[in-house]
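K.L.:
One predicted model, sequence on top.
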Amino acid sequence: MTSGKFLPAKILDRRVVADDLFLLHVDPGGPFSYLAGQYATLGVEVEGERIERAYSLCSSPYENVLEFFVERIPNGELTPLLYAMDKGAPLLLRRFAKGRFTLDLRSGRKNHLLLATVTGVAPYVSYIRTVRTDWKKGGTPMPGEHRLFCIQGASRSWEFGYRDELEKYAAEAPWLKYVPAISRPWEDSGWHGERGRVDDLIRKYIHLWGLTPEDTSAYLCGHPGMVESGRGILLRAGWSKQAIQDEVYFQPGKDAAAAS
Ligand SMILES: Cc1cc2nc3c(=O)[nH]c(=O)nc-3n(C[C@H](O)[C@H](O)[C@H](O)COP(=O)(O)OP(=O)(O)OC[C@H]3O[C@@H](n4cnc5c(N)ncnc54)[C@H](O)[C@@H]3O)c2cc1C
């Protein structure tokens, strides 16, 4: 049963990006406000049971349609159901967005190092779209003040989801850099861009971009292994705990933990 806690959202579009990756466009079905970087809770009801999970919003609060970048987990409870849904299918959306993984505009640090694995780019897409809209309008907090430096990792190049959009924005905006990197180049012979895992690239890019712990807030989002390893690298490079935020998408299951 739905209650006052939920909005009667519905799927407007579902676009497959790669085998297990898809974008969802969702009509919230009522007023839904959020900050760039927050997450929504989506759910479906199956035989009277509600299955709900958190999903970072890729869309900007300036947009009417909510957008999500989702990985289908073959043995997962919710994502196979979301993947199978057609346009018009109903969804439960918790009325309130949550999360503190928002752009740090208060600390005084003007650079923002945004590190993501695959779908972990979602909150950064929301930051970038929002900042870009402000920049185009000549409003606050941009232009000129803050600079965003995004590294997104994936196994292969067709898994980035937002590469075209982010490369286009990076080409026009002096405040944005975007580096997509793949970790399995032997499975993607046509790729001529950056190679390696996100955590392995952190030192290279903080040096290349001239980022220092004093002037840079760091963000880690997505796979728990990247978040843990990336955090360690940043701490060893002089970042304080206060200058690092993270959003971990899942805890490894027992099987994965045993295998690692
Ligand atoms: C704040 C927050 C924001 C999130 N945003 C996103 C998002 O934008 N896009 C997105 O796709 N997911 C996101 N997630 C993860 C999402 O909430 C679900 O956990 C995920 O979609 C799996 O749901 P499921 O019901 O299909 O699998 P479950 O039934 O919950 O999990 C089944 C098993 O798969 C493992 N598992 C779960 N996710 C993964 C994964 N990605 N890779 C490998 N193993 C996994 C679990 O540990 C478990 O053992 C977010 C999570 C949090 C906490």
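P.N.:
Ah, there it is. Numbers count the residues shown, from 1 in each chain.

K.L.:
what about residue 225, distance to residue 132?
P.N.:
In this structure, residue 225 and residue 132 are separated by 31 Å, where distance is defined by Cβ to Cβ, to the nearest Å. Yep, even glycine has a C-beta here, placed from its N, CA and C like the rest.

K.L.:
who has more neighbours, those two?
P.N.:
Using other Cβ atoms under 10 Å, the more surrounded residue of residue 225 and residue 132 is residue 132, with 20 against 15.

K.L.:
Quick check: phi and psi on the closest residue to residue 11 other than its chain neighbours?
P.N.:
On the basis of Cβ to Cβ, 6 or more residues apart in numbering, the spatially nearest residue to residue 11 that is not a chain neighbour turns out to be residue 89, at 4.8 Å. For residue 89, the backbone dihedrals are phi -70, psi 140 (criterion: degrees, to the nearest 10).

K.L.:
ok, residue 89 to residue 72 distance?
P.N.:
Look at residue 89 and residue 72: by Cβ to Cβ, they are 15 Å apart.

K.L.:
Next: residue 186.
P.N.:
From residue 186 over to residue 72 the distance is 24 Å, taken as Cβ to Cβ.

K.L.:
Comparing these two, which shows the higher neighbour count?
P.N.:
Neighbour comparison, residue 186 and residue 72: the larger count goes to residue 72, with 17 against 7 (by other Cβ under 10 Å).

K.L.:
what sits against that one?
P.N.:
For residue 72, the contact set (Cβ atoms under 8 Å, 6 or more residues apart in numbering) comprises 20-22, 79-80, 82-83.

K.L.:
ok, now with 6 Å
P.N.:
With Cβ atoms under 6 Å, 6 or more residues apart in numbering as the criterion, the residues that contact residue 72 are 20, 79, 83.

K.L.:
Ok, residue 113 next?
P.N.:
When contacts are counted by Cβ under 6 Å, 6+ apart, residue 113 is found next to 149, 211, 216, 218.

K.L.:
Any idea how many residues pack against the closest residue to it other than its chain neighbours?
P.N.:
Counting by Cβ to Cβ, 6+ apart, residue 218 is the residue found nearest to residue 113 once chain neighbours are left out, at 4.6 Å. If you count neighbours by other Cβ under 10 Å, residue 218 ends up with 28.

K.L.:
do the same with the one 4 residues further on
P.N.:
Residue 222 is surrounded by 27 other residues when neighbours are defined as other Cβ under 10 Å.

K.L.:
try residue 183
P.N.:
A count of neighbours around residue 183, defined by other Cβ under 10 Å, yields 17.

K.L.:
how close does the nearest residue to it once chain neighbours are set aside get to the ligand?
P.N.:
In space, residue 183 comes closest to residue 197 once its chain neighbours are excluded; the distance is 4.9 Å by Cβ to Cβ, 6+ apart. The spacing between residue 197 and the ligand, counted by Cβ to the nearest ligand atom, to the nearest Å, is 15 Å.
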